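Chemist: Give me the fold of what follows.
(chains A and B)
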Amino acid sequence: MRASQFHLSTTRETPNDAEIVSHQLMLRAGLIRRLGSGLYTWMPLGLKVLRKIENIIREEMDRAGALEMLMPAVQPAELWEESGRWGKFGPELLRLTDRHNREYCVGPTHEEVITDIARRDLKSYKQLPLNFYQIQTKFRDEIRPRFGVMRSREFIMKDAYSFGIDAASLQESFDAMHIAYCAIFDRMGLDYRAVEADSGSIGGAQSREFHVLADSGEDAVVYATEGDYAANMEKAEAVCNDPRGEASLPMQTIDTPNVHTIDELAASLKVDATQCLKTLLVKGSDEKVPVVALLLRGDHQLNEVKAEHLPEVASPLTMADAELIRSTVQCDAGSIGPVGLNIPVIADANAACMSDFICGANTNAQHLTGVNWTRDLPEPIVRDIRNVIEGDANPKGNGILKIVRGIEVGHIFQLGDTYSKALDATVLDENGKPATLMMGCYGIGVTRVAAAAIEQNNDSAGIIWPLSIAPFEAVVCPVNMVKSDAVKEAAEKLYTELKDAGVDVLFDDRPLRPGAMFSDMELIGIPHRFVVSDKLLANNEIEYRGRSDSEASIIARDEVLAKII
RNA sequence: CGGGGUAUAGCGCAGCCUGGUAGCGCAUCUGCUUUGGGAGCAGAGGGUCGUAGGUUCGAAUCCUGCUACCCCGACCA
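Modeler: Sure, this is the predicted structure:
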């Protein structure tokens, strides 16, 4: 491709509403243009990147035996009513009405459609297992789109859905996808982790998220320093190996005026937050237990997903409001404690192994010190309800937990029979009896991968594309071609040679000064750069510089192909 | 949804307080010179100042409504 005919459109200045580096660089390099909130046009240069990402995904999905198809973006409401999601899905589902007043949504995902296909098309266990996928535009009306295509409303996703006769078959499909995903992200040259994720309300089902590691990531990824344990924050298991200390202090009531938070409590008593116990009141799961107390060590944070899964706790998790707190403990939030409570008390393991601790006295402006389990209050129910913190013990063995930031680019998940049951998708099994299909779903955010790759690979000059997803693999930069026929001829020849060798090469034939040309090519992140100039030609040489090399090197003209093939 | 902010040329901004008919940098176009790290000089084009109304002799500027966009928050015991 010749740059003069490719509409490269780079800018030196950064648009002021771009917060993170990938968004800034994508705009500056001319990969994308914003149309509206969370809506982006992919320019020719950006589309080349998307196509390369898609092709890698396609090749690996095909290799894993999945079949590509294409479903409609707009879906009838009836299907969603059948699955029960028309009512459950919140405002992020974009709903619309056609001229006949029939209701539709723009698909944020395609479980309903694919399950509908399956129930109509699949009749026998002999047709299984199957895995269908598509690469298609989705729409989710995000509360707050941000970070460019990282969290946009319209985005391109690869979604796949597997169908098996039983749980074992589902597990096989799931494992095959796990392998395929690793192959995909390996080929893209990304630093990523596959982590255990919360599997929602479906018990026993497996769920893995694939995160590209980057400091700007929106998710916390937890991994163990020894062994291969890795999980996201919702799922990461918090364990407590510390023994409970002996009770050494008597329980005392102290006045604590103007103390409402753990920080204030620790500061006023000059103790560590780890000595304080935090009591949270949440709504219970039924009318008989309207309120449940959740206990955490002062420095720990509640994990809402874990709490929500507890049978005693209402789902979705709802914090008790001021009125409910008043009627339960006769004091305000900030002075609540577990001593003398006659509601279910659920403590995190670390909270349950505290001794001589400090907590609210259930009277405003008072706290208790020297509190001890068994002696002063009954043993609590112990459950994992907190977020892990850096340095926690590895729940699966030796070592400790570390926390890094990640960008979720893929998710594989065992759906089981949730949708197949709701939509009655069955096939006949070996005994001629109807069997409900076991489904898995597997997503990759195609557009997000592009942003994540930049987030992970950039420097002050611009993007540093991994070779496999770079818009061009190499660029030929002639110096002062307008004046030198020799340079023009040599550059044309090099360009043709690279092209004929199968290299996706850009020929920067624009009449630019070298500085401007180099800056542009670095901004858009082309991995290999070859410079042709009169001086170099005199010695039959070419200058080569890899995008992440600190310096250029001079190579012989006939070493060019060997350099990159 | 709550709070804050912005809207002036393609992009980044000034002008607004104190009303008098719009300017700077980058980009664009023309010419000449220049050509190994975002060139110099000379010239040119481009804006219903988000939108609707109000005040005024006169509004980018003051007032009101609307719209769009951005940021922060939605863990508090």
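Chemist: Around RNA strand B, pick out the residues from the stretch 151-300 of chain A.
Modeler: Within the stretch 151-300 of chain A, the residues that sit near RNA strand B (C-beta under 7 Å from any atom of the strand) are A:His260, A:Thr261, A:Ile262, A:Asp263, A:Lys278, A:Thr279, A:Leu280, A:Leu281, A:Val282. All C-beta spots, glycine's among them, are computed from the backbone N, C-alpha and C.
Chemist: check contacts around the closest residue to RNA strand B within the stretch 301-450 of chain A.
Modeler: Closest approach between the stretch 301-450 of chain A and RNA strand B, counting by C-beta to the nearest atom of the strand: A:Ala333, at 2.5 Å. Listed by C-beta atoms under 8 Å, 6 or more residues apart in numbering, the contact set of A:Ala333 reads A:His260, A:Leu281, A:Ala322, A:Ile325.
Chemist: Show me which residues of the stretch 401-550 of chain A sit near RNA strand B.
Modeler: By C-beta under 7 Å from any atom of the strand, the residues of the stretch 401-550 of chain A that approach RNA strand B are A:461, A:479-480, A:482-483, A:511, A:513-516, A:518-520, A:522-523, A:531-533, A:535-536, A:543, A:545.
Chemist: Inside helices: which ones of those residues?
Modeler: A:Pro514, A:Gly515, A:Ala516, A:Phe518, A:Ser519, A:Asp520, A:Glu522, A:Leu523, A:Lys535, A:Leu536 (DSSP state H).
Chemist: In ChimeraX, how would I select the buried members of the contacts of A:Ala333?
Modeler: Buried residues within the contacts of A:Ala333, by 16 or more other C-beta atoms under 10 Å, are selected in ChimeraX with:
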select /A:281,325
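Chemist: Would you convert the contacts of A:Ala333 into TSV that also reports secondary structure and distance to A:Phe185?
Modeler: As requested, the contacts of A:Ala333 are exported to TSV (DSSP: H, G, I helix; E, B strand; the rest coil; distance: C-beta to C-beta, whole Å):
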residue	secondary structure	distance to A:Phe185
A:His260	coil	46
A:Leu281	strand	43
A:Ala322	helix	48
A:Ile325	helix	47
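Chemist: Check the contacts of A:Ala333 and tell me the two furthest apart.
Modeler: Largest separation among these by C-beta to C-beta: A:His260 and A:Leu281, giving 14.7 Å.
Chemist: secondary structure element for the spatially most central residue of chain A?
Modeler: Among the residues of chain A, A:Glu408 comes closest to the average C-alpha position under C-alpha atoms, centre = their mean, at 1.5 Å. Using DSSP states H and E, A:Glu408 sits within strand A:401-416.
Chemist: Would you mark the buried spots in stretch A:32-49?
Modeler: By 16+ other C-beta under 10 Å, the buried positions in stretch A:32-49 come out as A:Ile32, A:Arg34, A:Gly38, A:Tyr40, A:Trp42, A:Met43, A:Leu45, A:Gly46, A:Lys48, A:Val49.
Chemist: so where's chain A shaky on pLDDT?
Modeler: Within chain A, the segments meeting pLDDT under 70 span A:199-204.
Chemist: care to break it down by domain?
Modeler: Domain ranges of chain A: A:11-66+A:116-237+A:403-454, A:252-382, A:472-564, per automatic domain parsing.
Chemist: A:Gln5: which of these is closest?
Modeler: Between these, domain A:472-564 lies closest to A:Gln5; by C-beta to C-beta that is 8.5 Å.
Chemist: which residues touch whichever residue of the stretch 101-250 of chain A sits closest to RNA strand B?
Modeler: Closest contact between the stretch 101-250 of chain A and RNA strand B, by C-beta to the nearest atom of the strand, is at A:Arg146 (4.1 Å). For A:Arg146, the residues meeting the contact criterion (C-beta under 8 Å, 6+ apart) are A:Glu19.
Chemist: now it, which residues is it bridged with?
Modeler: Beta-bridge partners for A:Arg146, by DSSP bridges, are A:Arg151.
Chemist: and it, how far is that from A:Gln456?
Modeler: 18 Å (C-beta to C-beta, to the nearest Å).
Chemist: Also A:Lys396?
Modeler: In this view, A:Lys396 and A:Gln456 are 27 Å apart by C-beta to C-beta.
Chemist: Looking at these two, which is more packed in?
Modeler: For A:Lys396 versus A:Gln456, neighbours defined as other C-beta atoms under 10 Å are more numerous around A:Gln456 (21 against 15).
Chemist: List the contacts of A:Arg405.
Modeler: Residues in contact with A:Arg405 (C-beta under 8 Å, 6+ apart) are A:Leu213, A:Ala214, A:Asp215, A:Ser216, A:Gly217, A:Glu218, A:Asp219, A:Ala220, A:Val221.
Chemist: mind listing what the first one touches?
Modeler: Right, A:Leu213. Counting by C-beta under 8 Å, 6+ apart, A:Leu213 touches A:Asp191, A:Tyr192, A:Arg193, A:Val221, A:Val404, A:Arg405, A:Gly406, A:Ile407, A:Gln456.
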